[in-house]
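Peer 1: I'll drop the sequence and a predicted model, then ask my questions.
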Amino acid sequence: MRLAVCVKEVPEASARTRIDPGTLRLDRGGAATLNPFDAHALEEALRIKERTGEGEVVAVMMAPLPAADSLRKALAIGADRAVHVADDALAGSDLVATARTLAKAVEREEPDLILLGQQGGDSDGAVLWSALADLLRLPVVSQAASLELAEGKVAVKRQTEYGYDLIEAPLPCIVAVSDAINEPRYPSLKGIMGAKKKPHETLNAADLGLGADEIGEAGSRTEVYALADPPSRGDSVRIEGDGAAAEKVVEYLTERKLI
Ligand SMILES: Cc1cc2nc3c(=O)[nH]c(=O)nc-3n(C[C@H](O)[C@H](O)[C@H](O)COP(=O)(O)OP(=O)(O)OC[C@H]3O[C@@H](n4cnc5c(N)ncnc54)[C@H](O)[C@@H]3O)c2cc1C
């Protein structure tokens, strides 16, 4: 059983989000970390491997070379192997070009199950897994709150606004896990030391058979024309909690005929 886990590097939550005015892209030059949502996908892969007593967990990332530290963290947590797709030509890749690249990297692994986090902690898109499923022509289940593998199938309890859907899909299959599925483990000292010896492959676009027109800005369908601060919401009123705040809120809303 081979389990591929797509992991992304994102800016640290405490880092101030900056847009590079030259490229109109997120400035990813500051402190970065493994996407916290992907730690749940990795944890689930490790639990499947532990439950079944066999298998290999491969962490797959598309990101510039310095992101190798985040991939090493995935290895320290427990992944057996890492595949890093890094190439200057990938800069400016939108969802389409990113999914195209990851699809090639994942396909090469011939995994039985492909796990992803529910969203990237920086752009919160929550769409990459469906784009990947479309490109690989595989079934996809999102918001997995639990999953079980048996007889060539995955059975997923899918979290929804009104309860749970119970979904079965044949393997190979893509599952995006909810952040409620498990409590991710931290890397141990032994894991951190062991990570240095684990296979860590770096690939470029040509290794994946991707042409210049399929990646980066040339391979993207999105173009950012301009970015600006959101418009001001007009005069705001701060109502302090001095005991009469509720009445003041009601008064404020009544005056404006909002209630
Ligand atoms: C015009 C444009 C230019 C852009 N330029 C760049 C750029 O230069 N550099 C850049 O980093 N981003 C760039 N982006 C953002 C990039 O396209 C998105 O990060 C990417 O499409 C993934 O979308 P998401 O973060 O919304 O992922 P989501 O759909 O929220 O992610 C879901 C899951 O997919 C997996 N995943 C997502 N991204 C990766 C990844 N790279 N590797 C492995 N697994 C992943 C993770 O498991 C994650 O939990 C650009 C976007 C646009 C629109």
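Peer 2: Looks like it arrived, so ask away.
Peer 1: need the longest helix for this structure.
Peer 2: Taking DSSP state H as the assignment, the helix of the chain that covers the most residues is helix 36-52.
Peer 1: and it, how far out from the chain's middle?
Peer 2: Distance, stretch centre to chain centre, for helix 36-52: 14 Å (CA atoms, centre = their mean, to the nearest Å).
Peer 1: and if you look at stretch 124-142?
Peer 2: How far stretch 124-142 lies from its chain's middle: 11 Å, per CA atoms, centre = their mean.
Peer 1: around the ligand, which positions in the stretch 1-150 of the chain sit nearby?
Peer 2: Listed as neighbours of the ligand in the stretch 1-150 of the chain under the rule CB under 6 Å from any ligand atom: 6-8, 25, 35, 37-38, 41, 60-63, 91-95, 98, 102, 116-117, 119-120, 123-129. (Each C-beta comes from the backbone N, C-alpha and C, glycine too.)
Peer 1: show me the residues you listed that map onto helices.
Peer 2: If you go by DSSP H, these have 37-38, 41, 95, 98, 102, 128-129 in helices.
Peer 1: want to try CSV for the residues you listed, with pLDDT and neighbour count as columns?
Peer 2: Output for these, formatted as CSV (pLDDT from 0 to 100; neighbours: other CB atoms under 10 Å):
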residue, pLDDT, neighbour count
F37, 98, 23
D38, 98, 29
A41, 98, 31
L95, 95, 16
T98, 98, 22
L102, 98, 27
L128, 97, 20
W129, 98, 26
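Peer 1: farthest pair in those?
Peer 2: Across these, no pair lies farther apart than A41 and L95, at 18.3 Å, counting by CB to CB.
Peer 1: thanks a lot, catch you later.
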